[in-house]
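Student: I'll drop the sequence and a predicted model, then ask my questions.
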Amino acid sequence: MSVNVTKLASGLTVVTDTMAHLETAALGVWAGVGGRDEKPDEHGISHLLEHMAFKGTTRRTSQQIAEEIEAVGGDLNAATSNESTAYYARVLKADVPLALDVLSDILANPSFDSEELEREKGVIEQEIGAAQDTPDDVIFEHLSELCYPDQPLGRSLLGTPQTLASFNRDNLHNYLSTHYRGPEMVVAAAGAVDHKQVVSEVEQRFASFADTPAPKPAPAMFGKGGSRVVHRDLEQAHLTLALEGVPQSDLSLFSVQVFSNILGGGMSSRLFQEVREKRGLCYSIYTFHAAYADTGFFGLYTGTDPADAPEMVEVIVDEMNNAVETLTEKEIARSKAQMKAGLLMGMESCSARAEQMARHMLAYGRPLTVDELVARIDAVNVESTRNAARGLLSRSRPAVVALGGGRGLDTAVSLAEGLARPKAKALLH
């Protein structure tokens, strides 16, 4: 693999990885703007803007956008997150210039047709309705609110019917011109690409984007924790728990991830073995860590019979507390092997590689090499993992949400306070 980086005069960065054995290319534009950049009256506009990107430009109708890419066997897509928005394509190597032309056109020359806008608002309202019918989505919305109260990170990316209704084409143009600036944008391409050709195309097609930085979002503050029970007539009780994690730049990030894998990262994890395999209390249970620029949170999700919810939480609390002091070399080695395998397998996909490079540029200002990433994983040991786990348990009160029916939910969420904060804090000193 051959990684090259060029920063243009506008501040926009072009990063490519030429994978000579491939005949296809994955490429896209990643902008460092997402849900956390929205003001209260802009709630949901990042996601709406992403939807409107494919709804026509001053040069192409929405149908022409779709037909031009699909006529060469390619595909287009986009995604919005809290800290970035991505617009990307997968094409044959001869069609890289076409893909860059379309991607630049939808961002530099959007028409924001009024009829298309109203139609897409309706589509997103349907998306909001579908999310409200999905327990997994509902419970994580409540968990985010507890973790980041009265902050953009605590709000759904979809917005609300009320905020959607207030948006017009001027709002979209203003948001685009304010936040889509060269210094906050990365064009990443991997696969059958030539770096010089990509740079030349990007210089021409993205020349209209301003070279001044976009405004920075307010710092995020993890909340005070606490619990919430959301009563719904459901077959299962859905349970989530979160603790304050670490940001992307924190030196303990990889140790936190190793701990998360050991606790609830797969079929061999402690929680899966104890809760599902030994006790049969659930079908699914997992843990994860979400890292942002200046904060992070460690989360857990499971679903169980409402009558079993208190036992479930007791087991979770016991396993989390016990794992901190009883992690083994064998578990550490297994988790590190999983992480390295996932990293190296991802390198074989040009789509995954392009996304990884773009995210690294936005987070670290440069793409981290495979050797660097493997070295960071290899540096994790029992002591660093235990310290990272103690930090998780001592840094904040847990935020706990239960969704469902039955009498056991209030008992279940109160039991989550059993996470050993004083013990963990004492062990750190």
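Tutor: Yep, it's here. Just so it is clear, the structure is predicted and the values come from calculations on it, not from any experiment.
Student: Could you grab the helix/strand/coil label for Ala188?
Tutor: Secondary structure, DSSP: H, G, I helix; E, B strand; the rest coil: Ala188 is strand.
Student: what's the closest non-adjacent residue to it?
Tutor: Nearest residue to Ala188 in three dimensions, chain neighbours excluded: Ala358, at 3.9 Å (CB to CB, 6 or more residues apart in numbering). For every residue, glycine as well, the C-beta is placed using N, CA and C.
Student: Please apply the same query to Gly32.
Tutor: With sequence-adjacent residues excluded and distances taken as CB to CB, 6+ apart, Gly32 is closest to Glu184, at 4.0 Å.
Student: And for the one you found, the neighbour number?
Tutor: The local packing of Glu184 (other CB atoms under 10 Å) involves 23 other residues.
Student: Would you enumerate the residues in contact with Leu271?
Tutor: Leu263, Gly264, Ile285, Tyr286, Thr287, Leu300, Thr302, Ile316, Glu319 (CB atoms under 8 Å, 6 or more residues apart in numbering).
Student: mind listing what the residue nearest to Gly32 touches?
Tutor: Contacts of Glu184 (CB under 8 Å, 6+ apart): Gly11, Ala31, Gly32, Val33, Pro213, Ala214, Leu362.
Student: and what of Asp410?
Tutor: Contacts of Asp410 (CB under 8 Å, 6+ apart): Val229, Ala402.
Student: Just the element for it, please.
Tutor: Using DSSP states H and E, Asp410 falls within helix 408-415.
Student: Same check on Leu164?
Tutor: Taking DSSP H and E as the criterion, Leu164 maps to helix 161-166.
Student: what's next to the very next helix or strand once past that helix, contact-wise?
Tutor: As assigned by DSSP H and E, the chain's next helix or strand after helix 161-166 is helix 169-179. Residues outside helix 169-179 that contact it (CB under 8 Å, 6+ apart) are 31, 33, 37, 42, 45-46, 48-49, 52, 107, 110, 112-114, 117, 210, 214-215.
Student: tell me which residues of helix 169-179 are tucked away?
Tutor: Asn171, Leu172, Tyr175, Leu176, His179 (16 or more other CB atoms under 10 Å).
Student: from the residues you listed, which two are the most distant?
Tutor: Spatial extent of the buried residues of helix 169-179 (CB to CB) is set by the pair Asn171 and His179 at 12.3 Å.
Student: hmm, back to that, could you check how far the residue nearest to Gly32 is from Thr80?
Tutor: 15 Å (CB to CB, to the nearest Å).
Student: from memory Glu50 sits against Asn77, does it?
Tutor: No. Glu50 lies out of contact with Asn77 (CB atoms under 8 Å); the separation is 9.9 Å.
Student: the more surrounded of the two?
Tutor: More crowded of Glu50 and Asn77, by other CB under 10 Å: Glu50, with 19 against 13.
Student: quick one: pLDDT of the more buried one?
Tutor: At Glu50, the predicted lDDT confidence score is 96.
Student: got a list of what it touches?
Tutor: Glu50 neighbours (CB under 8 Å, 6+ apart): Ala78, Ala79, Thr80, Thr85, Tyr87.
Student: would you put the C-alpha positions of stretch 187-203 in PDB?
Tutor: Extracted in PDB, the C-alpha atoms of stretch 187-203 (Å, rounded to 0.1, in the frame of the first residue of the first chain):
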ATOM      1  CA  VAL A 187     -11.100  13.800   0.000                       C
ATOM      2  CA  ALA A 188      -9.900  10.200   0.500                       C
ATOM      3  CA  ALA A 189      -9.500   7.500  -2.200                       C
ATOM      4  CA  ALA A 190      -8.200   4.000  -2.000                       C
ATOM      5  CA  GLY A 191      -7.800   1.200  -4.500                       C
ATOM      6  CA  ALA A 192      -7.100   1.700  -8.200                       C
ATOM      7  CA  VAL A 193      -6.200   5.400  -7.900                       C
ATOM      8  CA  ASP A 194      -3.400   7.700  -8.900                       C
ATOM      9  CA  HIS A 195      -2.600  10.300  -6.300                       C
ATOM     10  CA  LYS A 196      -1.500  13.000  -8.800                       C
ATOM     11  CA  GLN A 197      -4.600  12.500 -10.900                       C
ATOM     12  CA  VAL A 198      -6.900  12.700  -7.800                       C
ATOM     13  CA  VAL A 199      -5.200  15.900  -6.600                       C
ATOM     14  CA  SER A 200      -5.500  17.500 -10.000                       C
ATOM     15  CA  GLU A 201      -9.200  16.600 -10.200                       C
ATOM     16  CA  VAL A 202      -9.900  17.800  -6.700                       C
ATOM     17  CA  GLU A 203      -8.000  21.100  -7.200                       C
END
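Student: so who does Val317 touch?
Tutor: Shown in contact with Val317 (CB under 8 Å, 6+ apart): Leu415, Ala416, Gly418, Leu419.
Student: Neighbours of the third one, how many?
Tutor: A total of 15 residues lie near Gly418 under the criterion other CB under 10 Å.
Student: Sticking with the residue lying closest to it once chain neighbours are set aside, tell me its helix or strand.
Tutor: The shortest distance from Gly418 to any non-neighbouring residue, by CB to CB, 6+ apart, is to Val317 (4.4 Å). Under DSSP H and E, the secondary-structure element containing Val317 is helix 309-326.
Student: Does anything pack onto the next helix or strand after that helix? Which helices or strands?
Tutor: Per DSSP H and E, the first helix or strand lying C-terminal to helix 309-326 is helix 329-346. Contacts defined by 3 or more CB pairs under 8 Å, 6 or more residues apart in numbering; DSSP states H and E place helix 329-346 against helix 253-264, helix 350-364, helix 370-378, helix 382-395.
Student: quick one: buried residues of helix 329-346?
Tutor: Buried residues in helix 329-346, defined by neighbour count with 16+ other CB under 10 Å: Glu331, Ile332, Arg334, Ser335, Lys336, Gln338, Met339.
Student: thought the last one was touching Val256?
Tutor: No. Between Met339 and Val256 no contact is recorded; they are 11.7 Å apart, counting by CB under 8 Å.
Student: The residue located most distally from the centre of the chain and Leu281, how far apart?
Tutor: Distance to the chain centre peaks in the chain at Arg407, reaching 33.9 Å (criterion: CA atoms, centre = their mean). Computed as CB to CB, the Arg407 to Leu281 distance reads 17 Å.
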